[in-house]
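> One predicted model, sequence on top.
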Number of protein chains: 2
Amino acid sequence: MKFSKATNYALHTMLFLVKAETDKPIGVQQLAESQDVSPTYLSKILTKLVKARLIDSISGAQGGYKLSRNRDEINFLDIIHAIEGTASLFECDFHHNNGCLIQAEIKNAEEKMNEHLRKTKLIDLVKKELRLS
Amino acid sequence: MKFSKATNYALHTMLFLVKAETDKPIGVQQLAESQDVSPTYLSKILTKLVKARLIDSISGAQGGYKLSRNRDEINFLDIIHAIEGTASLFECDFHHNNGCLIQAEIKNAEEKMNEHLRKTKLIDLVKKELRLS
DNA sequence: TATATTATAGATATTGTAAGTCTACGATTA
DNA sequence: TAATCGTAGACTTACAATATCTATAATATA
C-alpha cells in the first residue's frame, strides 16, 4: 500500500502554485520542469485537479493553471482524494452478518489520518519553510 | 492506494485464532475454508505471520498454526506491517535541500492512523461482538 | 483572419505488483 | 513407513500505475 507518484506530483504542483502568489496562469511546461516530469503526463494529473475544482485551467496562448480557491484554504486531503479517489483504504468482501468489524476499525484509524490531512494546509508548509530559512 | 486482500486474509485468520481459544494448532485447510480462499495461497500469507513472530507453525500430522503470543496482546498494526511491510506510505524521490516537507507532513498523518491501529487489539473486536449479540 | 500556443481526451504501450497455482521438499505423527 | 501438514520456489495471470503519442478544441496575438 502506497500513495501513487501521481499524488506526489499533484501535491508538489499545488505547493508550487500556492508559493507562486500570482493570478496569472502557469503553463504545464513550467510546472513539469520544476518536477522533472513529462508535461503530457503531468497534464493528465492536473486535469483531475481541475475536475476536483482545486485549480482552473485556461486554454490557449498565455494559458495554464491557477488556483481556483483562496490559497490558504487548500488542504492535503482534498488533493489526495482528487488523485487517489475517496474510497476507503480497506474493503472486506466477505459476508458478515452485521458488517465487518475489522473494516470498521480500520476505517476509524483511517479517519484519524484523514483528520490530520484535512486540517493541514499547504500554506502551513510555506510558513514552516520561512521559519527554517 | 489500498490495503491488499492478503492483509484482509491475515486479519481474519488472526481473529479466527484469537476466537478459537485453544492451544491445539489449527490447519491451514480449516483456516482457508472459513474464508473461502485456497489453502496454498493462504499458507504463503501465514508464513509471513510466522516470520513476524505473530503465530507459530507446527509441521507434520496434527500440525497447523497457533498464536505465539498472549491472545489479548495482538494489535492491528503488527499484522498489517507483517503483510504490507513497514515502509512509509509516502516517499518523495525529488531532491530537496532539507528533506521533503510534504512527505514529513504525510508521515505525521500516517502516524495518527498507526497509533490507532497499534492500540486497538483483536480481542477488542471479540468483546464488541459479544456486546452486540 | 491566420498562426502559434496551450489544455483535453483517447489510444496505446510498458512496467510492476498483487493474486493465485503448482509442485517438490522437509518435518512430524501415528 | 505412510499419511499429514507446513515451506519454498517457480510460474502464470490480472490489473493498475506510469507513462507516451497524437488529434482536437480553445484562445491570444500579430
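That came in fine, so what should we check first? None of these values were measured; they are calculated from a predicted model.

> what's residue A:75 sitting at in phi/psi?
Backbone dihedrals for residue A:75, given as degrees, to the nearest 10, come out at phi -110, psi 170.

> For the residue nearest to residue A:72 when sequence neighbours are not counted, give me its contacts.
Counting by Cβ to Cβ, 6 or more residues apart in numbering or on different chains, residue A:72 lies nearest to residue A:123, which is 4.3 Å off, once chain neighbours are set aside. In this view, the C-beta of every residue, glycine as well, is placed from N, C-alpha and C. Contacts here follow Cβ atoms under 8 Å, 6 or more residues apart in numbering or on different chains; on that basis residue A:123 touches A:18, A:71-72, A:74.

> Got the phi and psi for residue A:56?
Phi and psi for residue A:56, reported as degrees, to the nearest 10, are phi -110, psi 150.

> The residue nearest to it when sequence neighbours are not counted: neighbouring residues, count only.
Residue nearest to residue A:56 in three dimensions, not counting chain neighbours: residue A:68, with 4.5 Å by Cβ to Cβ, 6+ apart. Applying the criterion other Cβ atoms under 10 Å in any protein chain shown, we find 14 residues in the vicinity of residue A:68.

> go on, residue A:21?
A count of neighbours around residue A:21, defined by other Cβ under 10 Å, yields 8.

> give the contact list for it.
Counting by Cβ under 8 Å, 6+ apart, residue A:21 has contacts residue A:71.

> Name the single longest helix found in chain A.
When chain A is parsed with DSSP state H, its longest helix is helix A:101-119.

> how big is the angle separating that one from helix B:101-119?
Going by axes from the mean of the first three to the mean of the last three Cα atoms, to 10 degrees, helix A:101-119 is angled at 150 degrees with respect to helix B:101-119.

> right, is helix A:101-119 up against chain B?
Yes: Helix A:101-119 lies within reach of chain B by Cβ under 8 Å from any Cβ of the partner chain, at A:101-102, A:105-106, A:108-110, A:112-117.

> What ranges does chain A have for its strands?
Along chain A, the stretches classed as strands by DSSP state E are A:55-58, A:64-67.

> Is the last one positioned near DNA strand C?
Put plainly, it is strand A:64-67. Yes: using Cβ under 7 Å from any atom of the strand, a contact is recorded between strand A:64-67 and DNA strand C, made by A:64-65.

> one step back: quick one: the residue nearest to residue A:72 and residue A:18, what's the gap?
In this structure, residue A:123 and residue A:18 are 6 Å apart, going by Cβ to Cβ, to the nearest Å.

> intersection of neighbour lists for these two?
Counting by Cβ under 8 Å, 6+ apart, the common neighbours of residue A:123 and residue A:18 are A:71, A:74.

> count of residues packed around residue A:53?
Taking other Cβ under 10 Å as the criterion, the count of residues near residue A:53 is 11.

> swap in the one 3 residues further on?
Neighbours of residue A:56 under the rule other Cβ under 10 Å: 14.

> any idea how far the residue most central in space within chain A lies from residue B:6?
Nearest to the geometric centre of chain A sits residue A:79, at 2.0 Å (Cα atoms, centre = their mean). Note on residue A:79: its distance to residue B:6, by Cβ to Cβ, is 29 Å.

> Contact residues of chain A facing DNA strand C?
Remark: the part of chain A in contact with DNA strand C comprises A:25, A:27-29, A:39-40, A:43-44, A:46-47, A:50, A:57-65, using Cβ under 7 Å from any atom of the strand.

> In ChimeraX, select just the buried ones from those.
Paste this into ChimeraX to select the buried members of these, with burial taken from 16 or more other Cβ atoms under 10 Å in any protein chain shown:
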select /A:25,27,28,43,46,57,64,65
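
> which among the residues of chain A next to DNA strand C are in contact with chain B?
Contacts with chain B are made by none of the residues of chain A next to DNA strand C, judged by Cβ under 8 Å from any Cβ.

> can you give me the helices for chain A?
Ranges of helices within chain A are A:5-20, A:28-33, A:39-51, A:76-84, A:101-119, A:122-132, based on DSSP H.
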